[in-house]
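J.: Got a predicted structure plus its sequence, pasted below:
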Amino acid sequence: MLADLEELVTCESYSADHAALARSARVVADQAGRLLGGARPQILDVEGVTHLRWTFGTPRVLLLGHHDTVWPTGSLASHPWSVEDGVARGPGVFDMKAGLVQMFHALAALPSIDGVCVLVTGDEEVGSPTSRALVEDLARRCAATLVLEPSAPGGALKTGRKGVSIYDITVHGRAAHSGLEPENGVNAAVELAHQILALDPLAASVVADTGPGTTITPTVASAGTTTNTVPALARVNLDVRVPTAAAQDEVDRRLRALAPRVPGTRLRIDGGPNRPPLDPDASDALFTLAVRTAAELGLGPLRGAAVGGASDGNFTAGAGCPTLDGLGAVGDGAHADHEHVLVAALPDRARLLTGLVEALR
């Protein structure tokens with residue numbers, strides 16, 4: 001498993017680098033072929049993004065993962081592959097190349113893999129723009145989805161996920177020379193500041209009306225063109241996380257109702273819901289099965305956790321397919337410098353997945 005993990009990690013696969021994704025897809029396909037008796041995937045190129053799909057018989061169980069990472073091509077130079085004191089490191093090792101290795105080894109341990117569909121996408125880290133329809137279509141045909149995203153802290157399975165909405169607020173003002181005639185300008189940056197400061201009370205009002213858990217986070221912001229010009233344009237990106245569909249709808253309604261504070265400015269609100277929440281009800285039965293399976297295999301007790309991060313499991317649950325997430329690697333540091341995997345947990349997590357698939361297919 002470590003050799004296979006090294007193979008995947010050292011083949012970089014930054015989401016925005018489509019050539020790297022194509023190379024990674026070939027490596028993933030070859031690795032699966034070695035483990036699964038030569039089985040080859042259908043390679044799906046959608047707008048330059050490479051996805052892989054294997055279908056065995058009539059699928060009842062969808063195994064879901066992604067091979068893209070947030071790490072720009074060349075990150076191996078600063079974050080090289082390494083294994084030391086039982087810890088494996090490298091770009092994307094935790095999110096989620098170890099999950100792919102576990103998945104292929106789990107399937108290889110089954111006497112038959114009929115009834116299974118495997119989908120490995122190439123754009124999950126950027127919101128799944130080219131793979132969402134594919135994920136949802138496969139989920140509607142299956143009785144269960146098992147997601148190989150990394151576990152929550154301590155190895156907990158992910159039994160709930162917040163929904164995600166992504167917005168872009170653009171402010172239009174009017175440019176003027178900031179020294180000669182600032183009074184003739186309409187400052188888009190000042191209006192943007194008003195809008196950003198209004199976000200915390202907006203989120204608090206949604207929480208008051210729909211329950212706790214909603215966050216609205218301004219992320220990337222910009223304004224102006226030169227230091228001596230009143231900014232005519234300003235913008236900010238918003239990352240919204242919501243616990244329920246009702247909260248997601250309410251945030252959308254209130255953001256679209258925002259009004260400018262600075263006379264002469266104009267707002268444009270783009271974006272909207274990206275992923276629906278993964279409600280814990282969608283995971284209950286599968287989590288119970290996982291707990292029982294782990295006990296039968298002597299793997300120790302399992303915990304579940306609801307998390308703020310989203311995955312393609314949000315889509316499968318939203319499509320009505322029971323979904324259990326976080327079945328991938330045990331470790332920590334997704335997207336961060338300390339990203340790592342606990343090597344000792346790799347075979348046990350694969351055994352758990354083998355037992356779950358055998359029970360479900």
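T.: Thanks, I have the structure now. Residues are numbered from 1 along each chain as shown.

J.: Every contact and neighbour count from this point should use C-alpha atoms.
T.: OK.

J.: so where's the stretch 251-361 of the chain uncertain?
T.: By pLDDT under 70, the stretch 251-361 of the chain has no low-scoring segment.

J.: buried stuff in the helix or strand containing Leu134?
T.: Per DSSP states H and E, Leu134 falls inside helix 132-141. For helix 132-141, the buried set under the neighbour-count rule, 16 or more other C-alpha atoms under 10 Å, comprises Arg132, Val135, Glu136, Leu138, Ala139, Arg140, Arg141.

J.: ok, now stretch 96-115?
T.: Applying 16+ other C-alpha under 10 Å to stretch 96-115 flags 96-109, 113, 115 as buried.

J.: For the stretch 1-150 of the chain, which segments count as strands?
T.: With DSSP state E, counting those that start in this stretch as the criterion, the stretch 1-150 of the chain has strands at 42-46, 49-56, 61-66, 82-84, 87-89, 116-121, 144-147.

J.: I meant to write the stretch 201-350 of the chain there.
T.: Using DSSP E, counting those that start in this stretch, the strands of the stretch 201-350 of the chain run over residues 215-223, 233-242, 266-275, 304-307, 323-324, 331-332, 340-342.

J.: What strands line up against the last one, and which way round?
T.: So the one you mean is strand 340-342. Sheet pairing of strand 340-342 (DSSP bridges) gives strand 87-89 (antiparallel), strand 331-332 (antiparallel).

J.: same check, this time on the second one
T.: Each strand paired with strand 233-242, and its direction, by DSSP bridges: strand 163-172 (antiparallel), strand 215-223 (antiparallel).

J.: the inter-axis angle of that strand versus strand 266-275?
T.: Between strand 233-242 and strand 266-275, the angle comes out at 30 degrees (axes from the mean of the first three to the mean of the last three C-alpha atoms, to 10 degrees).

J.: buried ones in strand 233-242?
T.: Result for strand 233-242 [16+ other C-alpha under 10 Å]: buried residues Leu233, Ala234, Arg235, Val236, Asn237, Leu238, Val240, Arg241, Val242.

J.: which SS state does the residue of the chain positioned farthest from its centre fall under?
T.: Relative to the mean C-alpha coordinate of the chain, counting by C-alpha atoms, centre = their mean, the farthest residue is Leu180 (48.9 Å). Following DSSP: H, G, I helix; E, B strand; the rest coil, we place Leu180 in the coil state.

J.: quick one: average pLDDT of the helix or strand hosting Thr159?
T.: Here Thr159 sits within strand 157-161, counting by DSSP H and E. Taken as a whole, strand 157-161 carries a mean pLDDT of 96.

J.: For that strand, name the packing helices and strands.
T.: For strand 157-161, the elements it packs on are helix 284-296, strand 304-307, strand 323-324, judged by 3 or more C-alpha pairs under 8 Å, 6 or more residues apart in numbering; DSSP states H and E.

J.: residues in contact with the longest one?
T.: Residues from elsewhere that reach helix 284-296 (C-alpha atoms under 8 Å, 6 or more residues apart in numbering): Leu157, Thr159, Gly300, Pro301, Leu302, Gly304, Pro322, Thr323, Leu324, Leu352, Gly355, Leu356.

J.: check contacts around the fifth one.
T.: Contact partners of Leu302, counting by C-alpha under 8 Å, 6+ apart, are Gly155, Ala156, Leu157, Ala290, Val291, Ala294.

J.: pretty sure Leu353 is in a helix, no?
T.: Yes. Leu353: assigned to a helix according to three-state DSSP.

J.: List the contacts of it.
T.: Counting by C-alpha under 8 Å, 6+ apart, Leu353 touches Met103, Ala106, Leu327.

J.: Excluding covalently adjacent residues, which one is nearest to the first one?
T.: Once its chain neighbours are removed from consideration, Met103 has its nearest residue in Ala350; the separation is 6.4 Å (C-alpha to C-alpha, 6 or more residues apart in numbering).

J.: which of the contacts of helix 284-296 are the two that sit furthest away from each other?
T.: Across the contacts of helix 284-296, no pair lies farther apart than Gly300 and Pro322, at 23.8 Å, counting by C-alpha to C-alpha.

J.: So the two - more neighbours on which side?
T.: Pro322 (25 against 11; other C-alpha atoms under 10 Å).

J.: For the closest residue to His79 other than its chain neighbours, which residues are in contact?
T.: Leaving aside its chain neighbours, His79 sits nearest to Gly90 (5.5 Å; criterion: C-alpha to C-alpha, 6+ apart). Taking C-alpha under 8 Å, 6+ apart as the criterion, Gly90 is in contact with Val9, Thr10, Leu76, His79, Pro80, Trp81, Ser82, Glu339, His340.

J.: Any of those buried? List them.
T.: Buried members of these, scored by 16+ other C-alpha under 10 Å, are Val9, Thr10, Leu76, Trp81, Glu339, His340.

J.: Format these as CSV; extra columns: distance to Val27.
T.: Formatted as CSV, the buried ones among the contacts of Gly90 follow (distance: C-alpha to C-alpha, whole Å):
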residue, distance to Val27
Val9, 10
Thr10, 10
Leu76, 17
Trp81, 16
Glu339, 22
His340, 21
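
J.: In JSON lines, list the strands of the stretch 201-350 of the chain along with distance to Ala22.
T.: JSON lines is the format used below for the strands of the stretch 201-350 of the chain (distance: least, C-alpha to C-alpha, whole Å):
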{"stretch": "strand 215-223", "distance to Ala22": "29"}
{"stretch": "strand 233-242", "distance to Ala22": "29"}
{"stretch": "strand 266-275", "distance to Ala22": "25"}
{"stretch": "strand 304-307", "distance to Ala22": "31"}
{"stretch": "strand 323-324", "distance to Ala22": "28"}
{"stretch": "strand 331-332", "distance to Ala22": "27"}
{"stretch": "strand 340-342", "distance to Ala22": "24"}
